[in-house]
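K.L.:
model the structure of this input:
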Amino acid sequence: MTPTMTKGRAPRGSSPERRVRRNMVKIFWLETKYEFLKNLRLPIYSLSTLLFPVMFYIFFGLSFGQGSIGPVSAALYYAVTYGAFGIIGAALFGFGVTVAVERGQGWMRLKRACPMPPLAYFVAKIIMSLLFGAMIILTLLLLGALFGGLQITIPKGALLVTVLMAGALPFCAIGLAIGYLVGPNSAPAIVNLVYLPMAFAAGLWIPIQALPRFIQGLAPLLPTYHFAQLALGVIGASQGGSAWLHLGVLAAYATVFLLLALFLYFRDEGKTYG
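P.N.:
So this is what the prediction gives:
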């Protein structure tokens, strides 16, 4: 016997809207999953992104980082600054280089031909960058705790990881703008020209108070400085400025470069498709 159904009402869970939502979630999940696995299996990205900040932390944060810097241990201070250094690199290279390369390879045309919302492509890259950043931060904290006497409470450690991961978003926007501005051959060089000087001048390699005065005066103009001070503020080691000031500057950088990236994206679409 055919089961009776309420007239005019579809079976529960089978409405078109629910199916669309489930399909969208699946699309975003699969795009993020394979974006992460692709970059994890790509040595030029995964090894450089994960190993460089860890290597620098071992050389400087652990080997030469005995004692304290301001009110905190050197091991904790350098874990924060090299964690910021690492997550900035993951964001800049994750967008700046991969977007430029995929544009050059024609991968963007294939993505456009697929029945996939364009936003899934960019959200996947953001999540991928955050996941790599989280791996870097947790590795540095673990190394500091095991070999550098680093001590931090679980709530403060969780807040630090959250702040560092959230602070990656402006650098994702900067990387995206670079990815649409330059070609695949020049993208790595351009990213390094942006990344390394900004990291040094912001005090991510050595404490900013040890840098020349003219660099200390230049540092507050850079997003890397405000990112570092925001993260150092979590452990009580900020060199000045309120958290709202640092957040405002980072939000301004994110907005400006996201608008620039959108302009370059539509310009690129117009050149390709008319």
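
K.L.:
spatially nearest residue to residue 205 (excluding sequence neighbours)?
P.N.:
residue 199 (6.5 Å; C-beta to C-beta, 6 or more residues apart in numbering). (C-beta placed from N, C-alpha, C; glycine too.)

K.L.:
in the host helix or strand of residue 112, what counts as buried?
P.N.:
Using DSSP states H and E, residue 112 maps to helix 107-113. Judged by neighbour count using 16 or more other C-beta atoms under 10 Å, the buried positions of helix 107-113 are residue 108.

K.L.:
following that helix, which helix or strand comes up?
P.N.:
Going down the chain from helix 107-113, the next helix or strand is helix 118-147, by DSSP H and E.

K.L.:
can you list contacts of the host helix or strand of residue 214?
P.N.:
Using DSSP H and E, residue 214 sits within helix 213-218. Identification of contacts with helix 213-218 by C-beta atoms under 8 Å, 6 or more residues apart in numbering yields 201, 208-209.

K.L.:
just want the angle from the helix or strand following that helix to helix 118-147.
P.N.:
Sequence-wise, the next helix or strand downstream of helix 213-218 (DSSP H and E) is helix 223-234. On the basis of axes from the mean of the first three to the mean of the last three C-alpha atoms, to 10 degrees, helix 223-234 is oriented at 50 degrees to helix 118-147.

K.L.:
enumerate every residue touching residue 96.
P.N.:
Taking C-beta under 8 Å, 6+ apart, one finds 174-176, 178-179, 187, 190-191, 194 in contact with residue 96.

K.L.:
and the gap between it and residue 189?
P.N.:
As judged by C-beta to C-beta, to the nearest Å, residue 96 and residue 189 stand 11 Å apart.

K.L.:
got it, and residue 150?
P.N.:
When C-beta to C-beta is the yardstick, residue 150 and residue 189 sit 35 Å from each other.

K.L.:
and the contacts of helix 213-218, which of them are buried?
P.N.:
Looking at the contacts of helix 213-218 with 16+ other C-beta under 10 Å, the buried ones turn out to be 201, 208.

K.L.:
about what we covered before: is it true that the residue nearest to residue 205 lies in a helix?
P.N.:
Yes: applying DSSP: H, G, I helix; E, B strand; the rest coil, one finds residue 199 inside a helix.

K.L.:
where does residue 151 sit: helix, strand or coil?
P.N.:
Assigned by three-state DSSP, the conformation of residue 151 is coil.

K.L.:
quick check, it in contact with residue 79.
P.N.:
No: using C-beta atoms under 8 Å, residue 151 makes no contact with residue 79, being 11.1 Å away.

K.L.:
of those two, which one has the most company?
P.N.:
Comparing residue 151 with residue 79 by other C-beta atoms under 10 Å, the one with more neighbours is residue 79, at 32 against 12.

K.L.:
give the rounded mean pLDDT of the strand or helix carrying that one.
P.N.:
Assigned by DSSP H and E, residue 79 falls within helix 74-92. The average pLDDT within helix 74-92 is 93.

K.L.:
which SSE is the closest residue to residue 251 other than its chain neighbours in?
P.N.:
Nearest non-adjacent residue to residue 251, counting by C-beta to C-beta, 6+ apart: residue 170, 7.6 Å away. For residue 170, the element it lies in under DSSP H and E is helix 169-181.

K.L.:
list of residues touching that helix?
P.N.:
87-88, 91-100, 103, 122, 125-126, 129, 187, 190-191, 194, 223, 227, 250-251, 253-255, 257-258, 260-261, 264-265, 267-268.

K.L.:
and those, which of them are buried?
P.N.:
Counted by 16+ other C-beta under 10 Å, the contacts of helix 169-181 give 87-88, 91-100, 103, 122, 125-126, 129, 187, 190-191, 194, 223, 227, 250, 253-254, 257-258, 260-261, 264-265 as buried.

K.L.:
list the contacts for residue 69?
P.N.:
Applying C-beta under 8 Å, 6+ apart, we find residue 69 in contact with 77-78, 207, 237.

K.L.:
could you give the bridge partners of it?
P.N.:
Counting by DSSP bridges, residue 69 is bridged to residue 72.

K.L.:
pLDDT-wise, which helix or strand of the chain ranks last?
P.N.:
When each helix and strand of the chain is scored by mean pLDDT, DSSP states H and E, helix 107-113 comes last, with a mean of 72.
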